[in-house]
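In: Show me the folded form of this:
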Amino acid sequence: METQAFGLAHLWGQSDLAIRAVAAILLLMSMTSWYLILVRSLRQLRARHSDDAVDAFWAAPSLKSGLQRLNEQAPDSPFEALAHQGAAAAEHLRQHNHRETLGGTLDTDEFVTRALRKSISMSTSQLESGLTMLASIGSTAPFIGLFGTVWGIYHALVNISVSGVATLDKVAGPVGEALIMTAFGLFVAIPAVLAYNAFTRANRVELSELDAFAHDLHAWFSTGARITPLDSRSPTRHNSAAALAPETA
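Out: The predicted model follows:
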C-alpha cells in the first residue's frame, strides 16, 4: 500500500484560496511583528546610555556644553529633545519677555512647563509607536490561524465524505494538516505578545526617568538650581546639582 506524504507542502498543494489567504496574512503579520521587534530592540539598546548622558549633562560647566554632551552620548533621545526644548523655551522667553506684548504676560515657570510637557507628549507618542500593531497581531493571530484550521477541517471532512472512506489513516492526515494553521497562528502571536509586554514595561521606566529629568530641568530654568534629593545615593548627582551656570540659560 502506498504511503501518502503529509506536511506543509501537501497542505499548500491541496488547499484552496481561503487557506492560502490565511497563510499569507499570517506570514505578513509575522514579518511585521519581527520587524517591529528588531527596530525597537535596537532603540532600547541605545536608550541604555541615557542615564550616563543625563549625569554628564548635570556635570557640565554650562548649559551649552551640557546640551553638547547630551547630543554626543544620547543623540535623538527623548532626554536630548527635552533639554533642548526647555533651553529653547527659556531663551525665547528671555528675548521676548516684554510686558507690553501678549506673550510677555507669561511667567518663566508657566512657559517652560508648557514647553517641557509638549516635549514629553511628543516623546511618549514616539515611544508608543508600533506597540498598537504588536498588540493587534498578538491578539488576532491565534484567531486567524483558528479560522484556517476550521476551514481546513471542514473541507477535509467534505472530501472524506465524498470519497466514502472514513478510516483513521484517511482522517488523521487532512485534519492534522489543518491544525498546522493553529500552530502557525500561535507562532505569530506569542513573540508579539511577549515583545509588547517587554516594550511597554521599558517605556514605562523610561518615561518615569524622563519625567524626573523634566522636573529637574524645570527647577533649574525657573530658579537657576537643580533640586537635590536629601537622601541621594549617588555622589555624582548630589555634587552636580548646581553645576550648570545659571547665566548661560
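In: tell me the mean pLDDT for the biggest helix by length in the chain?
Out: Assignment by DSSP state H gives helix 168-223 as the longest helix of the chain. The pLDDT scores in helix 168-223 average 85.
In: Going by contacts, tell me the helices and strands next to that helix.
Out: helix 8-14, helix 17-47, helix 50-58, helix 78-96, helix 108-127, helix 131-163 (3 or more C-beta pairs under 8 Å, 6 or more residues apart in numbering; DSSP states H and E). Any C-beta I mention is one placed from the backbone N, CA and C, and that applies to glycine too.
In: Could I get the buried residue list for the fourth one?
Out: I take that to be helix 78-96. Using 16 or more other C-beta atoms under 10 Å as the test for burial, helix 78-96 gives 78-83, 85-87, 89-90, 93.
In: re the thing from before, distance to Ala212 and mean pLDDT for the helices and strands packed on helix 168-223 - can I get that in a markdown table?
Out: As requested, the helices and strands packed on helix 168-223 are arranged in a markdown table below (distance: least, C-beta to C-beta, whole Å; pLDDT from 0 to 100):
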| stretch | distance to Ala212 | mean pLDDT |
| --- | --- | --- |
| helix 8-14 | 51 | 63 |
| helix 17-47 | 15 | 89 |
| helix 50-58 | 9 | 82 |
| helix 78-96 | 10 | 81 |
| helix 108-127 | 11 | 84 |
| helix 131-163 | 22 | 86 |
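In: Same list, those helices, but as TSV with distance to Phe184 please.
Out: Shown next, in TSV, are these (distance: least, C-beta to C-beta, whole Å):
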stretch	distance to Phe184
helix 8-14	9
helix 17-47	5
helix 50-58	38
helix 78-96	37
helix 108-127	31
helix 131-163	5
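In: tell me the SS of Ala60?
Out: coil (DSSP: H, G, I helix; E, B strand; the rest coil).
In: looking at the helices and strands packed on helix 168-223, which is closest to Val205?
Out: With respect to Val205, and counting by C-beta to C-beta, the nearest of these is helix 17-47 at 9.6 Å.
In: what angle do that closest one and helix 50-58 make?
Out: If you take axes from the mean of the first three to the mean of the last three C-alpha atoms, to 10 degrees, helix 17-47 sits at 40 degrees to helix 50-58.
In: So which bits of helix 17-47 are buried?
Out: Buried residues in helix 17-47, counting neighbours by 16+ other C-beta under 10 Å, are found at 19, 22-23, 25-26, 29-30, 32-33, 36-37, 40, 43, 47.
In: In terms of secondary structure, what does it contact?
Out: Secondary-structure packing of helix 17-47 (3+ C-beta pairs under 8 Å, 6+ apart): helix 8-14, helix 131-163, helix 168-223.
In: Out of those helices, which gets nearest to Ile120?
Out: For Ile120, the closest of these is helix 168-223, at 6.0 Å, according to C-beta to C-beta.
In: Pull the distance from that closest one to the chain's centre.
Out: 9 Å (C-alpha atoms, centre = their mean, to the nearest Å).
In: same deal with stretch 57-65?
Out: Its chain's C-alpha centre and that of stretch 57-65 lie 30 Å apart, by C-alpha atoms, centre = their mean.
In: can you check stretch 34-50 too?
Out: Centre-to-centre, stretch 34-50 and its host chain are 8 Å apart (C-alpha atoms, centre = their mean).
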